[in-house]
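In: Here is my input; please provide its structure:
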Amino acid sequence: MNIHRTCILPLLHLLLLTMVSCTPRPAGSPPAAAGPVRPPAVDPSLPGPECGEAALQRALKPGAEGRHAEALTALETLAAACPPDARVHAWAGHHGRLAGEPERALAQAGAAVRLDPSVAWYHVSLALCAADAEAWELAFETAARALALPADQVGADNTAALRLLLGKRTRVYEITWELDPAKGHLHQGRMWLPLPTDGLPTQRRLDVRIEGAVRWGTQVVQGNELAWFEPAPGRRIRLFARVRTGPPSFRRVLREKPPARFPDPAALSAEVAAYLGATPRVDPRLPGVAALARTLKAAAPIETVTRVLDWMRNNVEYRITGFTTVDEVLARRHGECGGQSALIVALLRACGLPAREVWGVIEDLSPGRDFAPAGHLKGHLWVEVFLGDAGWVPLERDTTSRLGNVPPHYVRMTHLPPSDDTAPHRVRPVDQMILMGGDLPKFSNVSTE
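Out: Have a look, this model is predicted:
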């Protein structure tokens with residue numbers, strides 16, 4: 001089984017796109033569908049604020065063309081020069097989020113609510129902007145307050161997004177993998193499995209054990225802590241883990257230790273430098289990848305990551321299809337989570353940033369549970385990029401503010417080392433787990449703290 005065919009993007013991500021859109025709208029109006037945000041049509045001849053509707057339209061134009069930082073600056077200038085206007089602040093909060101400026105976005109979204117608390121969407125925007133800035137108490141409080149407003153003013157999609165935001169509170173998962181060693185492969189007398197990662201800013205492993213094996217233990221291999229076991233003939237095994245996941249905190253680390261320049265490969269450790277290189281499946285030297293990366297690379301690392309993610313969101317569609325190399329995904333402009341993550345990794349490496357794919361299991365919070373049945377988690381791939389003193393920072397193409405913001409219903413298991421790309425799939429720990437039936441583990445006793 002190919003791991004990259006097993007990752008089906010949940011409908012959750014479609015809901016999270018509404019969180020990214022963050023479009024200010026009048027009370028009672030449903031939010032726009034996910035996708036590029038366009039300002040409403042404005043007739044400059046109509047009466048408006050003293051500074052004019054035409055001035056607002058001019059400030060919005062760069063954002064409609066994807067230049068969110070420029071739109072944010074223009075809207076902040078307009079807000080400072082003109083009489084108070086909640087719409088200007090709300091749009092500034094929106095483009096501040098898309099520009100990766102959470103503190104500025106939060107200040108503008110808060111101003112919009114103070115100026116006009118009657119508009120439901122402004123409360124939604126404030127909750128999401130507070131989450132981006134990791135002002136979690138304000139985010140959860142505002143989300144709860146917005147959910148208490150009339151449902152027809154908030155809108156169904158925004159209601160779902162707010163509930164997902166409240167789901168970012170600290171969670172404790174008890175996860176059980178029921179595995180059949182007869183479907184796996186021995187490697188030097190043992191079988192190897194990934195474990196939930198411990199010691200992350202967003203995740204701690206509280207307990208782990210394997211039942212049904214002759215012997216078992218753990219070992220760190222290429223930066224991953226793996227479980228090994230010796231199977232008993234004819235017996236299934238059970239891997240149990242208790243994991244605490246919490247609100248994303250990598251953005252705070254990035255604010256405290258922002259990378260000012262691209263890394264010098266010669267100064268990187270061998271372990272990190274390995275994730276600048278090429279493998280048969282993820283090759284940053286491919287002509288199409290290298291040419292696109294040259295157009296996306298910016299003066300600073302974080303801006304480069306943001307431009308890569310913006311390009312992916314606007315140009316690559318989610319579709320369940322396999323792939324062999326990333327140039328296939330680039331040429332056809334669609335792929336599933338594995339194909340899209342591999343292409344992001346290739347583009348970041350081509351820009352000079354170490355990057356790697358990460359595999360984990362996630363809870364399906366979408367209403368229809370089309371990704372995983374109730375009581376089960378599902379395998380999924382996302383990305384980590386190395387950003388100087390901040391270390392390895394997670395990113396997910398379709399989650400809000402994407403860089404450093406992986407939700408608490410994601411349980412990180414392992415990153416994919418370069419050697420996995422050339423090793424036989426039957427001995428790779430992730431593939432071993434999937435082959436033995438571990439792509440849909442059960443979970444129970446989920447609690448929030």
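
In: Pull out the buried residues from stretch 292-310.
Out: 292-293, 296-297, 301-302, 304-310 (16 or more other CB atoms under 10 Å). All C-beta atoms are positioned from the backbone trio N, CA, C, and that covers glycine.

In: Which members of the residues you listed occur in strands, if any?
Out: Using DSSP state E, no member of those falls in strands.

In: Can you give me the distance of residue 380 to residue 396?
Out: According to CB to CB, to the nearest Å, residue 380 stands 9 Å off from residue 396.

In: List the residues that are in contact with both of those two.
Out: residue 410 (CB atoms under 8 Å, 6 or more residues apart in numbering).

In: for residue 310, what are its contacts?
Out: Listed by CB under 8 Å, 6+ apart, the contact set of residue 310 reads residue 66.

In: before we move on, back to that, hmm, which two among the buried residues of stretch 292-310 are most spread apart?
Out: Greatest spacing in these, by CB to CB: 292 and 302 (18.8 Å).

In: Turn the buried residues of stretch 292-310 into CSV, including distance to residue 199 and pLDDT.
Out: Converted to CSV, the buried residues of stretch 292-310 look like this (distance: CB to CB, whole Å; pLDDT from 0 to 100):
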residue, distance to residue 199, pLDDT
292, 35, 96
293, 32, 96
296, 32, 96
297, 32, 96
301, 24, 94
302, 24, 90
304, 28, 94
305, 23, 93
306, 27, 90
307, 31, 93
308, 27, 94
309, 26, 92
310, 31, 90
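
In: nearest to residue 345, of those?
Out: Using CB to CB, the buried residues of stretch 292-310 come closest to residue 345 at residue 308, 9.9 Å.

In: separation between that closest one and residue 335?
Out: Per CB to CB, residue 308 is found 15 Å from residue 335.

In: Same question for residue 428.
Out: With CB to CB as the criterion, residue 428 and residue 335 are 20 Å apart.

In: Show me which of the two is the more surrounded one.
Out: The residue with more neighbours, out of residue 428 and residue 335, is residue 335; 26 against 23, by other CB atoms under 10 Å.

In: Contact partners for the more buried one?
Out: Residues in contact with residue 335 (CB under 8 Å, 6+ apart) are 316, 318, 319, 321, 323, 329, 342, 343.

In: for it, phi and psi?
Out: Note on residue 335: backbone dihedrals following degrees, to the nearest 10 are phi 180, psi 170.

In: ok, what's across the strand from it?
Out: Beta bridges link residue 335 to residue 318 when assigned by DSSP bridges.

In: mind checking how far it is from residue 321?
Out: To residue 321, residue 335 is 6 Å away according to CB to CB.

In: can I assume residue 60 sits in a helix?
Out: Yes. The assignment for residue 60 (DSSP: H, G, I helix; E, B strand; the rest coil) places it in a helix.

In: you'd agree it is up against residue 71?
Out: Yes. Using CB atoms under 8 Å, residue 60 makes contact with residue 71 at a distance of 6.3 Å.

In: Now do the shared contacts for those two.
Out: Common neighbours of residue 60 and residue 71 (CB under 8 Å, 6+ apart) are residue 91.

In: Flag the shaky bits of this protein, pLDDT-wise.
Out: Low-confidence segments of the chain (pLDDT under 70): 1-50, 367-369, 398-402, 420-427, 445, 447-449.

In: Spatially central residue in it, please.
Out: Centroid check for the chain by CA atoms, centre = their mean gives residue 396 as the closest residue, at 2.4 Å.

In: Which neighbouring residues are in contact with that residue, exactly?
Out: Contacts for residue 396 (CB under 8 Å, 6+ apart) come out as 382, 383, 402, 405, 406, 410.

In: Closest one of those residues to residue 218?
Out: Distance ranking of those against residue 218, using CB to CB, places residue 410 first at 21.7 Å.

In: measure that closest one to residue 327 for me?
Out: Distance of residue 410 to residue 327, computed by CB to CB: 28 Å.

In: Same question for residue 272.
Out: 25 Å.

In: quick one: the strands in this structure?
Out: Using DSSP E, the strands of the chain run over 171-179, 191-194, 203-211, 213-221, 224-231, 237-245, 317-318, 334-335, 355-363, 377-386, 392-395, 410-415, 442-448.

In: Considering the contacts of residue 335, which possesses the most neighbours?
Out: Neighbour counts for the contacts of residue 335 peak at residue 343, which has 28 neighbours (criterion: other CB under 10 Å).

In: Does that residue touch residue 329 like I think?
Out: Yes. At 4.7 Å, residue 343 counts as touching residue 329 under the criterion of CB under 8 Å.

In: Residues that sit against both of the two, list them.
Out: Common contacts of residue 343 and residue 329, defined by CB under 8 Å, 6+ apart, comprise 316, 335.

In: For beta bridges, what are the partners of the nearest residue to residue 439 once chain neighbours are set aside?
Out: The shortest distance from residue 439 to any non-neighbouring residue, by CB to CB, 6 or more residues apart in numbering, is to residue 379 (4.5 Å). Residues in a beta bridge with residue 379, per DSSP bridges, are residue 361.

In: if I look at residue 379, how far off is residue 176?
Out: From residue 379 across to residue 176, the span is 15 Å (CB to CB).

In: Neighbour count: those two, which is higher?
Out: Comparing residue 379 with residue 176 by other CB under 10 Å, the one with more neighbours is residue 379, at 23 against 14.

In: and stretch 103-123, which residues are buried?
Out: Of all the residues in stretch 103-123, those buried under the rule 16+ other CB under 10 Å are 104-113, 115-116, 119-123.
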